[in-house]
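Asks: let me see the structure of the following:
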Amino acid sequence: MNINHKLSILNFWHDLDLGGPSFMSAQYLKPHRFERHVHDELVITVTELGVGQAEARNLSDPVGPSSIWVSGAGEYHCGHIGNQQHWSYRAIYLDNQALQSLSDAFMDGSDCDLIIPQ
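Replies: So this is what the prediction gives:
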């Protein structure tokens, strides 16, 4: 699924070979606030450009280029775009089935390829 607004561009996709993890690339081009929310999956986010502010467990951390931010399944978090007023990142959402499939791929040397489109 692709969402393209003047303020944001979001792309979502799945890798069925790895048990169905979800992926997202996001570009927020104007000030934006992520209200407090939670995901059912483990979420690993890598910032590409700009600076965001990630908030969880009464902590607030800036996340800039090459920063990795991890949000545990069931962990409430929120955030906003930093002073540069834009933020681009990629994220992978891993539920228990996807984590097990990923573990199996690493452990048994299967031919399962992880491909992340640009």
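Asks: who is the residue nearest the centre of the chain paired with across the strands?
Replies: Nearest to the mean C-alpha position of the chain, by Cα atoms, centre = their mean, lies residue 91 at 2.2 Å. Applying DSSP bridges to residue 91 gives these bridge partners: residue 24, residue 45.
Asks: pretty sure it is touching residue 48, no?
Replies: No - using Cβ atoms under 8 Å, residue 91 is not in contact with residue 48, being 11.0 Å away. (Glycine included, C-beta is placed from N, CA and C.)
Asks: got a list of what the residue nearest to the centre of the chain touches?
Replies: 23-26, 43-46 (Cβ atoms under 8 Å, 6 or more residues apart in numbering).
Asks: same thing but at 7 Å, please
Replies: Residue 91 makes contact with 24, 43-45, according to Cβ atoms under 7 Å, 6 or more residues apart in numbering.
Asks: for residue 85, same thing?
Replies: Listed by Cβ under 7 Å, 6+ apart, the contact partners of residue 85 are 30-31.
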